[in-house]
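Asker: Build me a model:
(3 chains)
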Amino acid sequence: MPYIANTEADVREMFKTIGCDSFEQMWEKAQINFPPPSLDSLHSGLSEYEVVRHLNELAARNATQLVNFLGAGYYDHIIPAAVGEITGRSEFYTAYTPYQPEASQGTLQVIYEYQSMICRLTGLFVANASLYDGGTALFEAMMMAGRITRRRQAVISEAVSPIFRRMIECYSSNLDIELIQVPSGTDDSAQQRLMEAITENTACVIVQYPNVFGTIEAWEDVTAHAHAKGALAVCSCYPIALAVLTPPGEMGFDIVTGEGQSIGIPLSFGGPYLGFMATTEKYMRKMPGRICGRTVDLDGKDGFVLTLQTREQHIRRAAAMSNICSNENLCALTALVYLCCMGKQGLIDVAELCAAKAAFARGEILKIDGVKPVGGEAFFNEFVISLPVDAAEVVGKMIDKGFAAGFPLGRYYPDRKNQLLIAVTEKRTREEIKALANALEAVL
Amino acid sequence: MKLIFSISRSGREGSSIPKSDVPEVNAIPQQFRRKKPAELPEVSEQEVIRHFTALSRKNMGVDTNFYPLGSCTMKYNPKFHERIAALPGFAELHPLLPQLRHGGVLTQGALAVIYEAERILSELLGFSACTMQPLAGAHGELTGCMLIAAYHKDCKDEKRKIMLIPDAAHGTNPASAAVAGFETVEIASDSEGNVDLEDLKKHLGPEVAGLMLTCPNTLGLFDRNVKEICRLVHEAGGLCYCDGANFNAIIGRIRPGDLGFDVMHVNLHKTFSTPHGGGGPGSGPVGVAEKLVPYLPVSRVAKRSDGTYALEYDYPDSIGYIAPFYGNFGIILRAYAYMLTLGKEGFRRVSENAVLNANYIRCRLSPYYDQKYDRFSMHECVFSATRQVAKGVHALDIAKALIDRGYHPPTIYFPMIVPEALMIEPTETESKDTIDSFIEAMIEIAQMTETNAEQIQQAPLTTPVKRMDETRAARSPVVADLGCPEM
Amino acid sequence: MKYYSEDHEWVEIHGEEATIGISEYAAKQLGDITYVELPSEDDDFIVGDTLGVVESVKAASDIYSPVSGTVVMINDALEDEPNLINESPEDKGWLCKLTNIDTSELDDMMNADAYEKYLKELS
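Answerer: Modelled structure (predicted):
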């Protein structure tokens, strides 16, 4: 059998050492005195070739040749081959948590560089080694704000990803937390409503940047208002956009999180992804998740260790900052290598391309009769349009024409049934964008 | 080693990005633009590759060294799994696609993977259903605790706010229970390393929601009272959670559902051979008995009578959405490939050889190292370095000495109820020859403790760095290179 | 006069104020102290409340208020020099001072001799 090295002779010899004649006797010695299960419903083992063939067949039943304008927080960006070369090095992917720093300096320095990169993008002082995904990261940020302020209420904008909000609702259902969801609307008064909802009982206000509709907003007034009420300001952001947008740290956010899929991680049908989190120096010791720190060894040589571990479950148990034990380490490495490959100018170029192509696409699509813009002109690479008919139906027809044309918002916002959220990345060409507009016109 | 930032040179570029084919527009209004670019490194692609290749060489991994890290199941990760996960049909698939009209038919292959993995796992665990959504082991624990809470809520028994957790448990158990809103109460272990039944009985009552029990337990022992424990908890109205971190010890041999457990997580990155990734991503699917099925998270993958797969959402009692989509699909996919390769005969051979290898180590090392619980073990064996401590050599020193000898150390100082613990888990994929060499190294260290303790205390000497000043790291944390002094 | 609790906190009374710290034994058990989380001035505590946390690399230890009272002063020096607790646990490494104390609560605590005896029993 593959992956088991013991020969029959090995087994016989080892049985002698442990004082058994058979595996059944071994189980008895381990105090397991009942028969094995039959497992009849399971198949027999297959060879590598057969498994590969089967999974190739299954992969072929998934459509990836659609021209993709689907985003909603998860984007189809270019990933340089160099990224996979590094993450495919088994010294990285077959290691585990760097508990023994002397045998794990590679992983530890990766985490330190990743943390530094997240700080530089977000404009904050300290980042953790990563969390599961953008949604869990936002929940953790909310819990962290509760610990810091000792308050139990969170004000959250409905322009935060509904995918994240329903996760937060789910996790909060047994906790003594009051979630106040503030309608986003399509007018400019959304920020005003958000501020009115923040009171002396509020632990934090939670927003998204750019928001789920792609809109870019300045948040200084909201963060200042939150601070005046003794609350924290939390945001979830899109890391590619941060190459060109004012960093959230400069707008007064205390905790910045986000989904890191867009920076080098394949869409992979929903995971594994990367939740990132950064905060100010003041709140460092209240942050969940692993943190790598720089220190010296016995000889004074620079090196890295996991640090501030008293925040974590293996020391604090029920009183830990979170129950998280792992990080999304290989995904953090992926993001780090991606950001290195792109570099200072490259990431700006990607962001500018996305924005320019999105602006072009919006212009082309708005030429179609009956299609109207929704929201303002300040958007990054995703925008909302209003169609004369149900957007879900239009998307269905567009799939038949070879396009994933966007995300119909009616699924999460019943009052936006005719609205379509369209994402454009640097991968989309002028021809594809024009073809999208033509196809859209044809199905309307 | 130099940070990537310090090899950066102004104006150097590593990226290759398409030129713009749309009109130049200043799409983003000026007032929203960042005033200074983010200080990402400016390096060539070759420098990136060289930097990270050099870093990779400062790591021990399963592919470079024997890695008997207890409770982590560091088994071999088959290489073809990586190729499958990279197939465009899986890697480039947008998770929102099946939520679009006509989109489900375009993701049949991916939905089939999830459905089939769930089915096989349910059979192996002896449960009615599984959810593949939890994104890690601890996330599975949290999901399980939430299912238990939902069950009691539905039974109008909301006063059940206490989760019982044995003192040998991993820290994630109490932490996960706390995040799910439970109070935790610790249950003592008895002199054999089992749950102390008397202590358990004392704590059972109308406020107990359940018990979280690791099976086999964190000492690497099978608790022969496990069926009785489940019975007692059920009798008191509670539910039994099985922490499946150690499922590798019993896969194909014992189905936790048959023992009386109601809910359980397994770690795909342990038992099902998906890479540990230096600390993740993992995956922690949760299996449940019939009575908890209504509460499983949504969406769920269903198989229709015509053989096609679909996402279903209409489960009014569901706890809701614990993950953005369907779980860590790329990890589930690798685990599915592993399940297909092993097949029904293979699973049991895994547990047989894992337990054999661990007991072989236990028997051969027992003359040299003490055991707090001198019993036949499961897939890992726990020693206590008490004899060595008398000579001034701690578990930590033994771990460091092993590094110098080319072995990744076992887990140390866990479980907390064993002083100076050394927890060794060889897994089934290691050969007797490798294990013999490791045993020789452990014996040599034990002997050296008697004759030359000082040398052990100085280890490691062969590594890129020596022992690190962790106190300094925690006292004055330096946790990022911010690149701009004014911050 | 100094009083000790079973959780290894000490209290020293000067007039209306009680100075609180952890004992030499506790400091030794924790090892190198890396961080101290102190209460804020004006915080009110009743006996047994968690007053703060003392951390080493591998442990975090809650400090339970041995008496009830209101915080009037905290030992700011610990922020930069948590090792004061290792170097001088029962003097320079004090944690905070409380006022509005109820001296009758001291009756439940041990004096230095009794505490020393208690430590012997522990080991």
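Asker: Kindly confirm my reading that B:Glu82 is in a helix.
Answerer: Yes: membership of B:Glu82 in a helix is supported by DSSP: H, G, I helix; E, B strand; the rest coil.
Asker: Skipping its backbone neighbours, what lies nearest it in space?
Answerer: Closest residue in space to B:Glu82, ignoring its immediate chain neighbours: A:Gly88 at 6.5 Å, by C-beta to C-beta, 6 or more residues apart in numbering or on different chains. Glycine gets a C-beta too; all of them are placed from N, C-alpha and C.
Asker: That neighbour: neighbouring residues, count only.
Answerer: The number of residues packed around A:Gly88, counting by other C-beta atoms under 10 Å in any protein chain shown, is 14.
Asker: anything in stretch A:27-43 near chain B?
Answerer: Yes: Stretch A:27-43 is in contact with chain B by C-beta under 8 Å from any C-beta of the partner chain, via A:27, A:29-34, A:36-37, A:39-43.
Asker: What about those, which are in helices?
Answerer: Using DSSP state H, the subset of the residues of stretch A:27-43 next to chain B located in helices is A:Trp27, A:Lys29.
Asker: Among the residues of stretch A:27-43 next to chain B, filter down to the buried ones and hand me the PyMOL syntax, if you would.
Answerer: Burial among these is assessed by 16 or more other C-beta atoms under 10 Å in any protein chain shown; the matching PyMOL selection reads:
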select buried, chain A and resi 27+29+30+31+32+36+37+39+42
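Asker: Adding distance to chain C and pLDDT, write the residues of stretch A:27-43 next to chain B out as JSON lines.
Answerer: Formatted as JSON lines, these follow (distance: C-beta to the nearest C-beta, whole Å; pLDDT from 0 to 100):
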{"residue": "A:Trp27", "distance to chain C": "37", "pLDDT": "97"}
{"residue": "A:Lys29", "distance to chain C": "35", "pLDDT": "96"}
{"residue": "A:Ala30", "distance to chain C": "32", "pLDDT": "96"}
{"residue": "A:Gln31", "distance to chain C": "33", "pLDDT": "95"}
{"residue": "A:Ile32", "distance to chain C": "35", "pLDDT": "96"}
{"residue": "A:Asn33", "distance to chain C": "40", "pLDDT": "92"}
{"residue": "A:Phe34", "distance to chain C": "40", "pLDDT": "92"}
{"residue": "A:Pro36", "distance to chain C": "41", "pLDDT": "95"}
{"residue": "A:Pro37", "distance to chain C": "41", "pLDDT": "96"}
{"residue": "A:Leu39", "distance to chain C": "43", "pLDDT": "93"}
{"residue": "A:Asp40", "distance to chain C": "48", "pLDDT": "90"}
{"residue": "A:Ser41", "distance to chain C": "46", "pLDDT": "92"}
{"residue": "A:Leu42", "distance to chain C": "44", "pLDDT": "96"}
{"residue": "A:His43", "distance to chain C": "47", "pLDDT": "95"}
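Asker: Which of the residues of stretch A:27-43 next to chain B sits closest to C:Ser23?
Answerer: A:Gln31 (44.6 Å; C-beta to C-beta).
Asker: quick revisit: distance to B:Glu192 added to the residues of stretch A:27-43 next to chain B, as JSON lines?
Answerer: Output for the residues of stretch A:27-43 next to chain B, formatted as JSON lines (distance: C-beta to C-beta, whole Å):
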{"residue": "A:Trp27", "distance to B:Glu192": "18"}
{"residue": "A:Lys29", "distance to B:Glu192": "14"}
{"residue": "A:Ala30", "distance to B:Glu192": "13"}
{"residue": "A:Gln31", "distance to B:Glu192": "10"}
{"residue": "A:Ile32", "distance to B:Glu192": "15"}
{"residue": "A:Asn33", "distance to B:Glu192": "16"}
{"residue": "A:Phe34", "distance to B:Glu192": "19"}
{"residue": "A:Pro36", "distance to B:Glu192": "24"}
{"residue": "A:Pro37", "distance to B:Glu192": "26"}
{"residue": "A:Leu39", "distance to B:Glu192": "30"}
{"residue": "A:Asp40", "distance to B:Glu192": "35"}
{"residue": "A:Ser41", "distance to B:Glu192": "36"}
{"residue": "A:Leu42", "distance to B:Glu192": "34"}
{"residue": "A:His43", "distance to B:Glu192": "39"}
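Asker: Can you give me the pLDDT of the residue nearest to B:Glu82?
Answerer: With respect to pLDDT, A:Gly88 has a value of 97.
Asker: got it, and B:Arg50?
Answerer: Residue-level pLDDT assigned to B:Arg50 equals 98.
Asker: Reduced to three states, what does it come out as?
Answerer: helix.
Asker: Can you get me a residue count around it?
Answerer: 13.
Asker: And for whatever residue of chain C ends up closest to chain A, the neighbour number?
Answerer: For chain C, the residue closest to chain A is C:Ala60, as judged by C-beta to the nearest C-beta, at 3.9 Å. Burial measure for C:Ala60: 21 neighbouring residues, criterion other C-beta under 10 Å.
Asker: Can you tell me how far it is from A:Val182?
Answerer: Distance of C:Ala60 to A:Val182, computed by C-beta to C-beta, to the nearest Å: 37 Å.
Asker: Check B:Ser299 too.
Answerer: Taking C-beta to C-beta, one finds B:Ser299 at 27 Å from A:Val182.
Asker: Tell me the secondary structure at B:Leu342.
Answerer: helix.
Asker: how near is it to chain A?
Answerer: Per C-beta to the nearest C-beta, to the nearest Å, B:Leu342 is found 5 Å from chain A.
Asker: quick one, longest strand in chain A?
Answerer: strand A:202-209 (DSSP state E).
Asker: quick one: it near chain B?
Answerer: No: using C-beta under 8 Å from any C-beta, strand A:202-209 never reaches chain B; the gap is at least 9.8 Å.
Asker: re earlier: and B:Ser299 and A:Val182? Which one has more around it.
Answerer: A:Val182 (23 against 20).
Asker: what pairs with that one across the strands?
Answerer: A:Ser157 (DSSP bridges).
Asker: That one: what's it in contact with?
Answerer: A:Val155, A:Ile156, A:Ser157, A:Glu158, A:Ala190, A:Arg193, A:Leu194, A:Ala197 (C-beta atoms under 8 Å, 6 or more residues apart in numbering or on different chains).
Asker: Could I get the contacting residues of the fifth one?
Answerer: With contacts taken as C-beta under 8 Å, 6+ apart, A:Ala190 has the following neighbours: A:Ser157, A:Ala159, A:Val182, A:Pro183, A:Ser184.
Asker: Now restrict those to buried residues only.
Answerer: Neighbour counting with 16+ other C-beta under 10 Å marks A:Ser157, A:Ala159, A:Val182, A:Ser184 as buried within the contacts of A:Ala190.
Asker: from those, which has minimum pLDDT?
Answerer: Scoring the buried ones among the contacts of A:Ala190 by pLDDT puts A:Ser184 last, at 86.
Asker: Spit out the contact partners of that one.
Answerer: Per C-beta under 8 Å, 6+ apart, neighbours of A:Ser184: A:Ser157, A:Glu158, A:Ala159, A:Ala190, A:Asn211, A:Phe213.
Asker: What of B:His269?
Answerer: Neighbouring residues of B:His269 by C-beta under 8 Å, 6+ apart: B:Pro275, B:His276, B:Gly277, B:Gly280, B:Pro281, B:Gly282, B:Ser283, B:Ile331.
Asker: and if you look at A:Tyr114?
Answerer: A:Ala127, A:Ala129, A:Ser130, A:Ala332, A:Leu333, A:Ala335, A:Leu336.
Asker: Good, wrapping up.
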